[in-house]
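J.: here you go, sequence then predicted model.
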Amino acid sequence: MQNDFENQELTFFEPILTDSRHIHQKLKEYGITFEGEIELKDIAFCKVEAQQECMVGNFCIPKLLNVQEKRYQILFFITKNDVILVDDDSFSKRIINRIEQRRNKKFKTKEIFLFHFINEFMNRDLERLVQFEKQIMELEEIIQNDEDEHFQSKIMSIRKDLLILRGYYDEIMEVGKALEENENRYFNKKNLKYFGVISDRAERLMNKASHLLEYAGQVKDVYQSKINAKQNDNMQFLTIISTIFFPLTLITGWYGMNFKNMPELENGYFGVIALSIIVIVLCLVVFKKKRII
């Protein structure tokens, strides 16, 4: 009896790793019938769904260093006893090795494996979101110092990254909830809490990304307000110039007609200069009273 207990303690869960070229052979080997095409390149989001013989899902994981680049794409199958990962980039293998090195031990159950495997995707995401926050704060300081060169391209790139990450965290949260529902009864009930932890963490990251999106939007609005203010100042300056020169143009046009018997036709030069100066002074006085200048 004691030997049986010891053997049970020494039993560990091992995921099955394969690629798209050998997946049909693996599915046949484990008695899984999958209706549908297996094309990893077509995976565009994270999801999981229950089928009659297994649970099928996929991960589409953004690269944190360049979120807008091509993502890591993984297809997975979950049965009562096994988890099969289909990955053409060896990303899954690197993730598993990293987890095992850090934990210094194997996985006891498939629930614990899935928890650590999915959780590893988000292991450095909070740190990356903090970096985005610092970048937005730096852009805000740049605006205050009127050093807004390339601001638009930078803030738009950050907002696009955050939009992608927010959608990704929402998808992971739904995956965690679907696993926690345990529709196929493949998981031990006492271990379903692990999937709830995944959902909670993904939700916190999604809320953080949403907060940063709002922050980036506010900074963009401040930048747009400064641009509008500059444009208004320029328009105001042009309006002042136009207002001053309009009566001067009228005066010079009037006295430039040279009609016969026109007043001051021969000796009106200094008179026109004096009249022009008076008009300019009057315009400036009016602008001053109106607080335009």
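T.: Arrived safely, thanks for sending. Numbering: from 1, shown residues only.
J.: and the strands in the stretch 101-250 of the chain?
T.: Using DSSP state E, counting those that start in this stretch, the strands of the stretch 101-250 of the chain do not appear at all; there are none.
J.: so where is it shaky, pLDDT-wise?
T.: Counting by pLDDT under 70, the ranges of the stretch 101-250 of the chain that qualify are 146-149.
J.: ok, how many other residues are close to the closest residue to Lys208 other than its chain neighbours?
T.: In space, Lys208 comes closest to Leu129 once its chain neighbours are excluded; the distance is 5.1 Å by CB to CB, 6 or more residues apart in numbering. Using the backbone N, CA and C atoms, a C-beta is placed for each residue, glycine as well. The number of residues packed around Leu129, counting by other CB atoms under 10 Å, is 20.
J.: surely Leu129 and Ala209 touch.
T.: Yes - between Leu129 and Ala209 there is a contact at 6.3 Å, judged by CB atoms under 8 Å.
J.: check the contact lists of those two and give me the overlap.
T.: Counting by CB atoms under 8 Å, 6 or more residues apart in numbering, the residues touching both Leu129 and Ala209 are Leu165.
J.: which SS state does the nearest residue to Leu248 once chain neighbours are set aside fall under?
T.: Sequence neighbours aside, Ser276 is the residue nearest to Leu248 in space, at 5.4 Å (criterion: CB to CB, 6+ apart). On the three-state scheme (DSSP: H, G, I helix; E, B strand; the rest coil), Ser276 is labelled helix.
J.: just Thr33 next, same as before
T.: coil.
J.: surely it is in contact with Phe77?
T.: No - when contacts are counted by CB under 8 Å, Thr33 is not listed as touching Phe77 (10.8 Å).
J.: more neighbours, these two?
T.: Here Thr33 and Phe77 are compared on neighbour count by other CB under 10 Å; more neighbours surround Phe77, at 23 against 10.
J.: beta-bridge partners for the more buried one, please?
T.: Applying DSSP bridges to Phe77 gives these bridge partners: Val56, Ile84.
J.: contacts only, for the residue nearest the centre of the chain.
T.: The residue lying closest to the centre of the chain (CA atoms, centre = their mean) is Leu162, at 1.5 Å. Residues touching Leu162, when contacts are defined by CB under 8 Å, 6+ apart, comprise 132, 209, 212-213, 216.
J.: now do Ser199
T.: The contact partners of Ser199, by CB under 8 Å, 6+ apart, come to 173, 176-177, 180.
J.: for this protein, what's the longest helix?
T.: With DSSP state H setting the assignment, residue counts place helix 193-255 as the longest helix in the chain.
J.: ok, the contacts of Leu162 vs Lys110, which is closest?
T.: Top of the list for closeness to Lys110, among these and by CB to CB, is Ala209 at 29.4 Å.
J.: is it true that that closest one touches Ile172?
T.: No - no contact is recorded between Ala209 and Ile172 when judged using CB under 8 Å, the distance being 11.8 Å.
J.: tally of neighbours for the closest residue to Leu179 other than its chain neighbours?
T.: Nearest non-adjacent residue to Leu179, counting by CB to CB, 6+ apart: Phe195, 4.2 Å away. A total of 22 residues lie near Phe195 under the criterion other CB under 10 Å.
J.: quick check: Phe195 vs Phe76, distance?
T.: With distances taken as CB to CB, to the nearest Å, Phe195 is found 14 Å from Phe76.
J.: with Phe115 instead?
T.: Plainly put, Phe115 is 14 Å away from Phe76 if you go by CB to CB.
J.: residue contacts, Lys160?
T.: With contact set as CB under 8 Å, 6+ apart, Lys160 has these partners: 67-68.
J.: how about stretch 210-224: buried residues?
T.: By neighbour count on 16 or more other CB atoms under 10 Å, the buried set for stretch 210-224 is 210, 212-213, 215-216, 219-220, 223.
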